[in-house]
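A.B. asks: Sequence and computational prediction follow.
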Amino acid sequence: MSENVKIIAVNRKARHDYAVDDSYECGLELLGTEVKSFRDGKISFPDAWAEVINGEIWLRSLRIAENPFSSIFNHDPDRKKKLLLHRDEIKRLNRKVEEKGYTLIPLSFYFKKSRVKVELGVCKGKKAFDKRDDIRERDVKREMQREFRGNLNRG
């Protein structure tokens, strides 16, 4: 990512529960009060996912808290949000999702040139033994780092 990027939130649970095959940068169609809530970081998306409906991609289960400083024209916090992609990208994603086991998961939200962007991952669910292998691999890597640091401090 470039220097004009400000990360709002990262979905660490997605990388633990899913194997990410590919990722796309998407725009997000938002209302004014939703953008204000994004700037404050008041979003929640632990179980968020996207689906293709009539050639459009919609993000579900993304909760954007209402802005307490807005008037009666506040947004619905649980409404589905439209993702902005090129038509050929949507077709490619639709073909991928129709395959067995693939789903679209938001991996991170960030501002890029003052616009809200979503990193959308094409993911496949991990089995329990895959998760254990990842944890074991991470622990081994951490141990190697500790050993390496210990050798540097002694020498």
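C.D. replies: Yep, it's here.
A.B. asks: Residue nearest the middle of the chain, spatially speaking?
C.D. replies: Closest to where the C-alpha atoms of the chain average out (Cα atoms, centre = their mean) is L107, at 2.0 Å.
A.B. asks: right, and it touches R15 too?
C.D. replies: Yes - using Cβ atoms under 8 Å, L107 is in contact with R15, at 7.3 Å. Every C-beta, even on glycine, is put in place using the N, C-alpha and C of the backbone.
A.B. asks: what's around A65, how many residues?
C.D. replies: Counted by other Cβ atoms under 10 Å, the residues lying close to A65 total 16.
A.B. asks: scratch that, I105
C.D. replies: I105, neighbours per other Cβ under 10 Å, totals 24.
A.B. asks: Please, which helix or strand holds it?
C.D. replies: strand 102-112 (DSSP states H and E).
A.B. asks: Now do the buried residues in that strand.
C.D. replies: If you call a residue buried by 16 or more other Cβ atoms under 10 Å, then strand 102-112 has these buried ones: 102, 104-111.
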